[in-house]
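> Give me coordinates for this.
(chains A, B, C and D)
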There are 2 protein chains.
Amino acid sequence: MEFFFFERITSSLDTLATKVQFPPMSSENELNPTPAGPKPWIDAGRKRVTAEDVARIAGVSRSAVSRAYTKGAYLSLEKRRRIHDAAEALGYRPNALAAGFNSNRSNLVAIVTGNLNNHYDGVFTAELVTRLNGLGKLPVVIGRTTDNIGDSEILEVLDYPLDALVIRAGSVKAETVEKCLRLQVPVIVSGRILAVGNVDCLCCDNHAGMEMAVAEFARSGRQRIGYLGGHPELSAEQERCAGFVAAMQKRHLEPVVMEHADFSFEGGYTTGTKILQGSDRPDAILCGNDAMALGVMNVARETLGLDVPGDLAIIGFDDIELACWPCFDLSTIRNPIDVTIDGIVSLLESRFADPARHGETIRIAPEFIPRSTH
Amino acid sequence: MEFFFFERITSSLDTLATKVQFPPMSSENELNPTPAGPKPWIDAGRKRVTAEDVARIAGVSRSAVSRAYTKGAYLSLEKRRRIHDAAEALGYRPNALAAGFNSNRSNLVAIVTGNLNNHYDGVFTAELVTRLNGLGKLPVVIGRTTDNIGDSEILEVLDYPLDALVIRAGSVKAETVEKCLRLQVPVIVSGRILAVGNVDCLCCDNHAGMEMAVAEFARSGRQRIGYLGGHPELSAEQERCAGFVAAMQKRHLEPVVMEHADFSFEGGYTTGTKILQGSDRPDAILCGNDAMALGVMNVARETLGLDVPGDLAIIGFDDIELACWPCFDLSTIRNPIDVTIDGIVSLLESRFADPARHGETIRIAPEFIPRSTH
DNA sequence: GACCAATATGCACACGTGTGCATATAGTGA
DNA sequence: TCACTATATGCACACGTGTGCATATTGGTC
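A predicted model of the protein is given here:
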């Protein structure tokens, strides 16, 4: 009697099996034979199996099913087994969203990132995703590959009850962050410092990094130093540019050229061409990030046949994976992803433990990585 | 009287303001001044504002609030205005998860990807994320940067009611996919063909791609052709390797060497060193992907001082962005990401429209991109 | 047998929303 | 005034789960 439901499902599946058309056979077929038993096809009318269904099959109350998945809950061994069997037969898994729904934890953590095509941001996001997966969180990525992300996308994802929001968009408005906080969503900003209550921030000490780079150029006797930055609207660019200018002034040096591109290889290549073909060519270029530095290096070597570092010294910023490839071996300022991710995870855990704690700011120390381009 | 709730909130915030400690001031502070009015700090005890709260403030029923956010619903202009004002004052946004909870649409789409540090997979994921964002879906990324992802991670994310699951893990088991289908979660597999009912697949015609590459080597008179593939467990590698072997046999050519690495630059570099320093060096190497091809190229040029393509011809697979950088200018087989993503989105939409439709398989046509390394 | 603690189990509520249904009000035409 | 339609609004249910509370059963000790 109580097995009626179960029978209805299997019979429904058998009926379906005759109707559904298989995709064309492939060579994979014998490698991965479909095992015998009920075919796991999607049935338009049927919905996900719930605890109620399992309870009906196992002949227990729905509460018992819930307890079967709760460690430490009182439940007789006999029932636990019956429930487990029924769940197995039906393919039941507790709906984590429904569970989190009343415990007020969605496990959703949104990662808002600037431009995913930027190699550094891509690796950064991937690394953060990996860590969040390890913490049992669901990383929801919000980003674009074409352009930098805007604040409207952040507001959209806020419609979901996030456990936290990690923002890595250099131009996010303080006003937007405040809207997050009003919805009681903890915010962590990476890549810029934001003076808004309750927000945790991490940022590389870009100023110090640029000072290191200029010091290296000065030490090796470069006199005609140029600068190629990213989009001036981005916070990282503002700090790096200011750091460069300050370091130059300190040494009474005048920049030969100062240009801005878009933090991409293509940008570095195009603007690098303009700089190097200009009337007074620098003998050193400090780049706002590695991608642009590689673009400049390509112009120098491939297009103009210049010797790097003989004719032109180049220093980048970030230390992306490509920087240490033998063909580049780029001197650069490391903006350590691992340290930053560790910091984010640490801040997240502190915030989960005490949502109302005051905001904390972590400055990440950059490091000069001497290679062969300066 | 009915405004008691609102007053409680504001007074609670004002009390808090004296207790919470500000983060240290920064130079950003005057750029982004905190606007006057209630400070949007997180309050440990307070929860997200609900429609019920808005209803209380606006003096209407909760249904009315819901209708205020439903286009086309009957609601007097007067009420709509009052609700909008109250919502604005409280910072209310409908909880999208609760809304989707009973309409059986979570908007969550999981993307399971092999190794996020693989450049191709990284860009692929980023592009798919961008598209899904545009469709109003929440892309949940499951992946690792260290190793290839396993099936257990897929089963974990299945605890959430996904709208769909896009798998790009070359070694996913058919059994795992069946578990997804049993939970009524549509599955799209990219990068391999899986003969399981209701599953949509996309896969580049790797066999044809390798045939093109071998044809190019043969045309330019290369006789001593070697092969460097990825991990043999991955479906893409199996197809590519088989394609290479078949194309060679067809021309009565014997491979000089056949090795396998891990689809990474480092793998290509290390195994490339082994191949090129061996006793009989090939005059052409066909690589399983571009990353390894670039690794091989680095060994050849930087370490051994070989001329590419004079001493050694190289052809890769994928056509990643780096392949067309001037310093590489790598001849390769394009595995077009844009076409693949278009296909995924198209399959997704068909699947949403008719969840029970039979599985469809799309073969993506590869294209030979002649550059200067062959 | 009496008492108590430990174990087992079901009921009912909460979580936040959309919406079907019933009902109330306003507007229009005869 | 009546009938009919268009508009407006609230009640109550559904979605799937965890859990507090009350109650029932068991096992052990005096």
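> element containing A:Phe124?
helix A:119-134 (DSSP states H and E).
> I meant to write A:Glu175 there.
helix A:174-182.
> Report the contact partners of A:Ile149.
Contact partners of A:Ile149, counting by CB atoms under 8 Å, 6 or more residues apart in numbering or on different chains, are A:Val112, A:Thr113, A:Gly114, A:Asn115, A:Ile142, A:Gly143, A:Ala169. For every residue, glycine as well, the C-beta is placed using N, CA and C.
> Show the subsequent helix or strand relative to the helix holding A:Glu175.
Assigned by DSSP H and E, the successor of helix A:174-182 is strand A:187-190.
> name the helices or strands packed onto the helix or strand hosting A:Val112?
Element membership of A:Val112, judged by DSSP H and E, is strand A:108-115. Judged by 3 or more CB pairs under 8 Å, 6 or more residues apart in numbering or on different chains; DSSP states H and E, the packing partners of strand A:108-115 are helix A:119-134, strand A:138-144, helix A:151-157, strand A:164-168.
> Quick one: closest of those to DNA strand C.
Set against DNA strand C and scored by CB to the nearest atom of the strand, these come closest in helix A:151-157, at 14.2 Å.
> Mind checking if that closest one is in reach of chain B?
Yes. Helix A:151-157 is in contact with chain B by CB under 8 Å from any CB of the partner chain, via A:Glu153, A:Val157.
> Check the offset of that helix from the chain's centre.
16 Å (CA atoms, centre = their mean, to the nearest Å).
> average pLDDT for it?
Averaged across helix A:151-157, the pLDDT comes to 89.
> Give me the residue at the spatial middle of chain A.
Nearest residue to the geometric centre of chain A (CA atoms, centre = their mean): A:Thr125, 1.8 Å.
> pretty sure that residue is touching A:Gly114, no?
No. Contact between A:Thr125 and A:Gly114 fails when scored by CB atoms under 8 Å: they sit 9.7 Å apart.
> Give me the common contacts of these two.
Joint contacts of A:Thr125 and A:Gly114 (CB under 8 Å, 6+ apart) are A:Gly143, A:Arg168.
> residue boundaries of the strands in chain A?
A:108-115, A:138-144, A:164-168, A:187-190, A:200-204, A:225-229, A:257-260, A:284-287, A:313-318, A:332-334, A:361-364, A:367-369 (DSSP state E).
> I'd like to know how far A:Val189 sits from DNA strand C.
26 Å (CB to the nearest atom of the strand, to the nearest Å).
> What's the local residue count around that residue?
27 (other CB atoms under 10 Å in any protein chain shown).
> before we move on, what about A:Ala174?
Neighbours around A:Ala174, by other CB under 10 Å: 18.
> try A:Glu321
Neighbour tally, A:Glu321, other CB under 10 Å: 16.
> do the same with the one 3 residues further on
When counting by other CB under 10 Å, one arrives at 13 neighbours for A:Cys324.
> who are the neighbours in contact with it?
With CB under 8 Å, 6+ apart, A:Cys324 has these contacts: A:Leu330, A:Arg371.
> confidence score at it?
In this model, A:Cys324 is scored at 97, pLDDT.
> can you pull the contacts of A:Gly72?
A:Gly72 makes contact with no residue, according to CB under 8 Å, 6+ apart.
> just to revisit the earlier point, who touches the closest residue to the residue nearest to the centre of chain A other than its chain neighbours in this structure?
Nearest-residue entry for A:Thr125: A:Thr113, 5.1 Å, with adjacent residues in sequence omitted and distances by CB to CB, 6 or more residues apart in numbering or on different chains. Residues in contact with A:Thr113 (CB under 8 Å, 6+ apart) are A:Asp121, A:Phe124, A:Thr125, A:Val141, A:Ile142, A:Gly143, A:Ile149, A:Arg168, A:Ala169.
> Those into TSV, with extra columns for distance to B:Phe244?
Output for these, formatted as TSV (distance: CB to CB, whole Å):
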residue	distance to B:Phe244
A:Asp121	35
A:Phe124	36
A:Thr125	34
A:Val141	35
A:Ile142	40
A:Gly143	36
A:Ile149	41
A:Arg168	41
A:Ala169	43
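> Closest one to B:Ser61 out of those residues, please.
Nearest to B:Ser61 among the contacts of A:Thr113: A:Ile142, at 34.0 Å, using CB to CB.
> hang on, isn't that closest one packed against A:Ile154?
Yes. Between A:Ile142 and A:Ile154 there is a contact under CB under 8 Å: 7.1 Å.
> Now for the two: what residues contact both?
With CB under 8 Å, 6+ apart as the test, A:Ile142 and A:Ile154 both reach A:Val112.
> Near DNA strand C, which residues of the stretch 101-250 of chain A are found?
Contact residues, the stretch 101-250 of chain A versus DNA strand C (CB under 7 Å from any atom of the strand): A:Phe101, A:Asn102, A:Asn104.
> Mind telling me which of the helices and strands packed on strand A:108-115 the model trusts least?
Mean pLDDT values for these show the minimum at helix A:151-157, a mean of 89.
> Can you name every helix or strand that that one contacts?
Partner elements for helix A:151-157 (3+ CB pairs under 8 Å, 6+ apart): strand A:108-115, strand A:138-144, strand A:164-168, helix A:174-182.
> Just put those in a markdown table and tack on distance to DNA strand D.
Below are the helices and strands packed on helix A:151-157 laid out as a markdown table (distance: least, CB to the nearest atom of the strand, whole Å):
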| stretch | distance to DNA strand D |
| --- | --- |
| strand A:108-115 | 16 |
| strand A:138-144 | 16 |
| strand A:164-168 | 21 |
| helix A:174-182 | 25 |
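> Mind putting those into CSV with distance to B:Val54?
What follows is those, written out as CSV (distance: least, CB to CB, whole Å):
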stretch, distance to B:Val54
strand A:108-115, 23
strand A:138-144, 26
strand A:164-168, 22
helix A:174-182, 13
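> Of these, which is nearest B:Asp319?
The closest of those to B:Asp319 is strand A:108-115. By CB to CB, the value is 20.7 Å.
> Run me through the strand neighbours of that closest one, direction for each.
Take DSSP bridges as the rule and strand A:108-115 pairs in its sheet with strand A:138-144 (parallel), strand A:164-168 (parallel).
> Look up how far B:Arg93 lies from the single nearest residue of the stretch 151-300 of chain A relative to DNA strand D.
Using CB to the nearest atom of the strand, the single residue of the stretch 151-300 of chain A nearest to DNA strand D is A:Pro161, 12.9 Å away. As judged by CB to CB, to the nearest Å, A:Pro161 and B:Arg93 stand 10 Å apart.
> How about A:Ala174?
As judged by CB to CB, A:Ala174 and B:Arg93 stand 19 Å apart.
> What pLDDT is listed against A:Asn29?
A:Asn29 carries a pLDDT value of 33.
> on that earlier part again, using CSV, write out every CA atom in the strand holding A:Val112.
This file holds the C-alpha atoms of strand A:108-115, laid out as CSV (Å, rounded to 0.1, in the frame of the first residue of the first chain):
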residue,chain,number,x,y,z
LEU,A,108,26.3,31.5,-1.5
VAL,A,109,29.3,33.7,-1.7
ALA,A,110,29.4,36.1,-4.6
ILE,A,111,32.7,37.0,-6.2
VAL,A,112,32.5,40.2,-8.2
THR,A,113,35.5,40.7,-10.4
GLY,A,114,36.6,43.4,-12.8
ASN,A,115,37.6,41.9,-16.1
